[in-house]
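**Student:** I'll drop the sequence and a predicted model, then ask my questions.
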Amino acid sequence: MKTIRIFLASSEELKDERQKFGNLIRQLDDIFIKRGIHIQLLVWEDMDPSYNNCRKQDEYNAWIRESQIFVALFYTRAGQYTLEELEVARTENCRRQEPKLMIYCRSLQPGDVEEQDLQEFKQTLEKQLGHFWGNYATTDKLHLDFVMYFMRSTEGHSSTLKVENGQVVLDGFTVASMDNLPFAAGNEGYLRMQAEIQELSKEIEETRGKLEKKKQKLEKKKVRLEKEPDDEDNKEEYEEAKEEVDYLTSILQSRLNKYNALQDQFASHQQALLDTAKRVSEMQLEKVSSELRHAVDKFEQGHIEAANAILDVIEHEANRHMEQLERNRTLVHQDIEAFMLQAKTVMADTFIPINERINKTAGIYAKADDWAQKSALPDEKYESLLINYVTFLYFYAQYDKSLSVCQRLIVMREAKYGKEDLRTAELYNLIGCVYNSSGNYQKALDYHNKALSAREKALGLEHPDTAQSYHNISSVYENLHCYEKVIEYLPKALAIREKLFGLEHPITAETYCNIGGVFDTCGVYSKAMDYYSKALAIYEKAYGSEHLLTGSLYNNIGFLYTHLGDYDKAIEYYFKDLEIRSKSLGPNHPDIAQLYNNIGCAYDNLGNYSKAIDYCFNALAIREKVLGPDHLDTAGSYYCIGDVYKRHGNYTKALEYYSKAMLISKRTKGLEPSIIEALQNKINLVKQEIN
């Protein structure tokens, strides 16, 4: 068990913050102890009060020398002992690079004045030490900044921090409320969506109240009509009341649909703001240009459009710096920091359409990458840039570019850390996921097994990251239809997750969902629905009905209804997922193609030829563009289009598309034998019909 000691220093005026920070550390300890890390907070309140012939401050200083992280909180004054403790920490850091120094200053409230000793300390910190402090206006902001720093220092990333129902959550523990974070609470888009949701919620409740009253009146008129069925006045009153109920019902449904869509947009916006805050946290203690720090300040205040405007100006000036690289190398490196922030702020600007955001951000990352190579950006910074870049490319399905960046990054990590380091294993895991999504399943298995080997060795057999590797390997085998292997790995992941996280955690639900998929494929539909229902209840409770993970489960349930022959129900669930994904992923994502394909097949089974062919061709267009002509999913589209043409008697067209699917199979050797056999049989049948 690794122990990380954190020494917390602050003046008495921040006693409340100090106590709350202690509670935060205790919660983090509960989470990280499952990952093999014990977090120990060292504060003066915990000191032994007995007399031991030693100045108490000397005991504090001894603690500082044994700590790995030193946190100092300031408000209006520095304080003699706090400064002494900081100097001890700084001296120790120079000797052994620990403890890491984390300095935070609480924002001044109206009427408060910063004392001279704190002003002088800040000047010394910046000019002599080259160190910078983080500002926090609320306790939630302090906690979030620290947790993001702590996760980066221990795990290399803070990706497991998510927004759930307006709360920033880590493994079920609430770190902060978005409403208490200035970058959200002061953001125009955030406030606008929040106000719209609140107003719409009020309208929905009012409409529900009116509808309930109308239904009660309708029920009374129905009873009267049953007693006097021949009374024409009663009939007319009943029909009028029924029309009013139907009208209010449609109004209510329309408002509910709008409410759900807004909730989805709001959740995506919150996550984008948090992702930007993560990037800001990475650079908060860096020495950056005054313009970039001004952009950061604007973001922290919630003014993301102003931050983007400043970053646009920086980008313009950056081109000048790059033209004279040798003279301006330091400035170019600062410009790259600005590009990395700009990539986040653009994605968080809800006033820009999603597809424009994706395209602009891809260009920003490509430019930053190019400049980093030409200007010899330090390895640590370049590594951070590439991780952000590859994660963006993977999420938005630019797999070829993602793999290209991954290969460069893996060379860096293997050389720097070795092949069995957990940071290298994290990248192996990511590359495995990219290969799995791009259809290269053997490569996916190779990298996932590398990640698993490193994780089992370093973390043991009951760690969340080990469980993640088991889960990811099972997903690849599921794509290969090797269900005996799926059954080998999936229960391992489930056992760890149920033990560590419990039966109602979203991470456990992910495995429930995969088990449901296996049962669905094997034709055990009742079991599949049981596991899907368990997962759906957890997702809807944790994330709401408009989250991407909830949407993916809607798609799975739709697929299950297709197998059950209830195509109307299947289409209903497919469209639920389509509405969610279109807003979050843009129009050209493989997930959208899969949904189009599923919808097309369902309409085909209902006999609606025109809708079936339209949706299948929409899927094909995306797959050819994003995945390329040799991807198995592209072959799947050709196969489905062939089925539609065959079902409706157009055998020439059916043969054309079946043949395209077969050609891909021969080139890639990726389809399993049973599918190839079925495809060949269909080709033979349509040839007979043509002849």
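**Tutor:** Looks like it came in fine.
**Student:** how deep is residue 100 tucked in, by neighbour count?
**Tutor:** Residues contacting residue 100 under the criterion other CB atoms under 10 Å number 17. Glycine gets a C-beta too; all of them are placed from N, C-alpha and C.
**Student:** tell me which residues touch it, please.
**Tutor:** By CB atoms under 8 Å, 6 or more residues apart in numbering, the contact list for residue 100 reads 68-70, 93, 153.
**Student:** residue 153 contacts residue 39, correct?
**Tutor:** No. Assessed by CB atoms under 8 Å, residue 153 is found out of contact with residue 39, at 11.6 Å.
**Student:** out of the contacts of residue 100, who's the most crowded?
**Tutor:** Neighbour max across the contacts of residue 100 (other CB under 10 Å) = residue 70, 26 neighbours.
**Student:** picking that back up, mind picking the lowest-pLDDT entry from the contacts of residue 100?
**Tutor:** Minimum pLDDT for these is recorded at residue 93 (74).
**Student:** check the gap between that residue and residue 70 for me.
**Tutor:** Remark: distance between residue 93 and residue 70 (CB to CB, to the nearest Å) = 8 Å.
**Student:** pull up the overlap in contacts between these two.
**Tutor:** 99-101.
**Student:** among the residues you listed, which are in strands?
**Tutor:** Assignment to strands by DSSP state E places the following of the shared contacts of residue 93 and residue 70 there: 100-101.
**Student:** tabulate the shared contacts of residue 93 and residue 70 in JSON lines, adding columns for pLDDT.
**Tutor:** Converted to JSON lines, those look like this (pLDDT from 0 to 100):
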{"residue": "99", "pLDDT": "82"}
{"residue": "100", "pLDDT": "83"}
{"residue": "101", "pLDDT": "81"}
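**Student:** which of the shared contacts of residue 93 and residue 70 lies closest to residue 637?
**Tutor:** Nearest to residue 637, judged by CB to CB, of the shared contacts of residue 93 and residue 70 is residue 100 at 51.4 Å.
**Student:** hang on, the earlier thing: cross the contacts of residue 100 against strands and list the overlap.
**Tutor:** Judged by DSSP E, the subset of those located in strands is 69-70.
**Student:** can I get the contacts of residue 100 in TSV including distance to residue 667?
**Tutor:** Formatted as TSV, those follow (distance: CB to CB, whole Å):
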residue	distance to residue 667
68	54
69	54
70	59
93	57
153	47
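**Student:** let me know the closest of the contacts of residue 100 to residue 60.
**Tutor:** Distance ranking of the contacts of residue 100 against residue 60, using CB to CB, places residue 70 first at 11.2 Å.
**Student:** beyond the helix or strand containing residue 274, next helix or strand please.
**Tutor:** According to DSSP states H and E, residue 274 maps onto helix 232-283. Once the chain leaves helix 232-283, the next helix or strand it forms, by DSSP H and E, is helix 290-300.
**Student:** what helices and strands are in contact with that next one?
**Tutor:** Other elements packing on helix 290-300 under the criterion 3 or more CB pairs under 8 Å, 6 or more residues apart in numbering; DSSP states H and E are helix 182-185, helix 232-283, helix 304-323, helix 325-347.
**Student:** contacting residues around that helix?
**Tutor:** Residues from elsewhere that reach helix 290-300 (CB under 8 Å, 6+ apart): 135, 182-183, 276-277, 280, 283-284, 288, 304, 306-307, 310-311, 313-314, 317, 334, 337-338, 341, 345.
**Student:** alpha carbons of it, as PDB, please.
**Tutor:** Only the C-alpha atoms of helix 290-300 are listed here, as PDB (Å, rounded to 0.1, in the frame of the first residue of the first chain):
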ATOM      1  CA  SER A 290      -0.300  37.800 -19.500                       C
ATOM      2  CA  GLU A 291      -2.800  37.400 -22.400                       C
ATOM      3  CA  LEU A 292      -3.200  33.700 -21.800                       C
ATOM      4  CA  ARG A 293      -3.600  34.300 -18.000                       C
ATOM      5  CA  HIS A 294      -6.200  36.900 -18.900                       C
ATOM      6  CA  ALA A 295      -8.100  34.300 -21.100                       C
ATOM      7  CA  VAL A 296      -7.900  31.900 -18.100                       C
ATOM      8  CA  ASP A 297      -9.300  34.500 -15.800                       C
ATOM      9  CA  LYS A 298     -12.200  35.200 -18.200                       C
ATOM     10  CA  PHE A 299     -13.000  31.500 -18.300                       C
ATOM     11  CA  GLU A 300     -12.800  31.200 -14.500                       C
END
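**Student:** give me the buried positions along that helix.
**Tutor:** Using 16 or more other CB atoms under 10 Å as the test for burial, helix 290-300 gives 291-293, 295-296, 298-300.
**Student:** can you give me the angle that helix makes with helix 325-347?
**Tutor:** If you take axes from the mean of the first three to the mean of the last three CA atoms, to 10 degrees, helix 290-300 sits at 10 degrees to helix 325-347.
**Student:** roughly how far is helix 290-300 from the heart of the chain?
**Tutor:** Taking the mean of its C-alpha atoms, helix 290-300 sits 24 Å from the chain's own mean (CA atoms, centre = their mean, to the nearest Å).
**Student:** which parts of the stretch 101-250 of the chain are strands?
**Tutor:** 134-136, 162-164, 167-170, 173-177 (DSSP state E, counting those that start in this stretch).
**Student:** quick one, which of those gets closest to residue 549.
**Tutor:** strand 162-164 (9.9 Å).
**Student:** mind giving me the packing neighbours of that closest one?
**Tutor:** strand 167-170, helix 232-283.
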